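[1] predicted model and sequence below, questions to follow.
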Amino acid sequence: DTGVSQDPRHKITKRGQNVTFRCDPISEHNRLYWYRQTLGQGPEFLTYFQNEAQLEKSRLLSDRFSAERPKGSFSTLEIQRTEQGDSAMYLCASSLSPRELYNEQFFGPGTRLTVL
Amino acid sequence: AQSVTQLGSHVSVSEGALVLLRCNYSSSVPPYLFWYVQYPNQGLQLLLKYTTGATLVKGINGFEAEFKKSETSFHLTKPSAHMSDAAEYFCAPNFGNEKLTFGTGTRLTIIP
């Protein structure tokens, strides 16, 4: 399977703990996105990378959140001192840009985080 | 301000009936438009997209959508619902920047 993969698929943690998620994009894609989806809502943009450069961060991304893409391939999203409000599905997507202006994004299966 | 609205958070149709899921956007410039489907505990799968050209676009699983600039709409339709269509559907414009803006979603239930 050459799609976007995410690990882990599920994570349960206690409030105050740190968690890290990994995303592996489609191999030739140079853009990588993180979105957050809370129950009953559509995904909301968090941040995106072009190669290893982080080009945009949403105001939703508080200082407890950090994302990296050190070699322009896989990316990690870390949440420090988790809070119950961080419970959500974290989705990763990738695209090949600027091949197309409309920037079609391909999504992974997501990581569901539950903070107790 | 740029925004997207999906009317109807829940839609129920009988198997074999027409499916109509509504999406309207607000923008001074028509965006690129996408419909995604999400099955329980899974990621998003692209159903179809409108970029340029023909305003009626066909997607996977028998779905299609029509871009109507005058109505700022991009409604999703399927002539005959199947049980396997039960899922959540998201309209997602790209307003010319790097991210997708998702609607709140419509949960489609198929009645046997």
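    Looks like it came in fine. Numbering: from 1, shown residues only, chains lettered A, B, ... in the order given.
[2] tell me the residues of chain B that contact chain A?
    Residues of chain B lying near chain A by C-beta under 8 Å from any C-beta of the partner chain: B:9, B:32, B:34, B:36, B:41-46, B:49, B:51, B:90, B:92, B:94, B:98-105. Quick note: C-beta positions are derived from backbone N, CA and C, even for glycine.
[3] now, of those residues, which are buried?
    B:32, B:34, B:36, B:42-44, B:46, B:49, B:51, B:90, B:92, B:94, B:98-103, B:105 (16 or more other C-beta atoms under 10 Å in any protein chain shown).
[4] what about the residue in chain A that chain B sits nearest to, which SS state?
    Chain A approaches chain B most closely through A:Gly42 (3.2 Å), counting by C-beta to the nearest C-beta. Classification of A:Gly42 using DSSP: H, G, I helix; E, B strand; the rest coil returns coil.
[5] contacting residues for the closest residue to it other than its chain neighbours?
    Counting by C-beta to C-beta, 6 or more residues apart in numbering or on different chains, B:Phe102 is the residue found nearest to A:Gly42 once chain neighbours are left out, at 3.2 Å. Counting by C-beta atoms under 8 Å, 6 or more residues apart in numbering or on different chains, B:Phe102 touches A:Tyr35, A:Gly42, A:Pro43, A:Glu44, B:Val4, B:Tyr36, B:Phe90, B:Cys91, B:Ala92.
[6] surely the fourth one touches A:Trp34?
    What it means is A:Glu44. No. Contact criterion C-beta atoms under 8 Å: A:Glu44 and A:Trp34 do not qualify, at 10.0 Å.
[7] between these two, which has more neighbouring residues?
    Remark: of A:Glu44 and A:Trp34, A:Trp34 carries more neighbours, 24 against 17, as counted by other C-beta atoms under 10 Å in any protein chain shown.
[8] tell me the secondary structure at that one.
    The three-state label given to A:Trp34 by three-state DSSP is strand.
[9] once you drop chain neighbours, what's closest to it?
    The nearest residue in space to A:Trp34 (C-beta to C-beta, 6+ apart) is A:Leu46, at 4.3 Å.
[10] average pLDDT for the host helix or strand of the one you found?
    With elements taken from DSSP states H and E, the one containing A:Leu46 is strand A:44-50. Strand A:44-50 comes out with an average pLDDT of 95.
[11] and if you look at stretch B:34-52?
    Mean predicted confidence for stretch B:34-52 is 90.
[12] using PDB, list the CA coordinates for that stretch.
    Output in PDB follows, covering the C-alpha atoms of stretch B:34-52 (Å, rounded to 0.1, in the frame of the first residue of the first chain):
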ATOM      1  CA  PHE B  34     -14.000  18.800  -3.000                       C
ATOM      2  CA  TRP B  35     -16.300  16.200  -1.500                       C
ATOM      3  CA  TYR B  36     -14.800  13.600   0.900                       C
ATOM      4  CA  VAL B  37     -16.400  10.600   2.500                       C
ATOM      5  CA  GLN B  38     -15.500   9.200   5.900                       C
ATOM      6  CA  TYR B  39     -16.500   5.800   7.100                       C
ATOM      7  CA  PRO B  40     -16.500   5.100  10.900                       C
ATOM      8  CA  ASN B  41     -13.000   5.300  12.500                       C
ATOM      9  CA  GLN B  42     -11.400   5.900   9.100                       C
ATOM     10  CA  GLY B  43      -9.700   8.700   7.300                       C
ATOM     11  CA  LEU B  44     -11.100  10.700   4.500                       C
ATOM     12  CA  GLN B  45     -11.500   9.400   0.900                       C
ATOM     13  CA  LEU B  46     -11.900  11.800  -2.000                       C
ATOM     14  CA  LEU B  47     -15.300  11.300  -3.800                       C
ATOM     15  CA  LEU B  48     -15.000  14.000  -6.500                       C
ATOM     16  CA  LYS B  49     -13.600  17.400  -7.200                       C
ATOM     17  CA  TYR B  50     -14.400  20.500  -9.200                       C
ATOM     18  CA  THR B  51     -11.400  22.500 -10.500                       C
ATOM     19  CA  THR B  52     -12.200  24.000 -13.900                       C
END
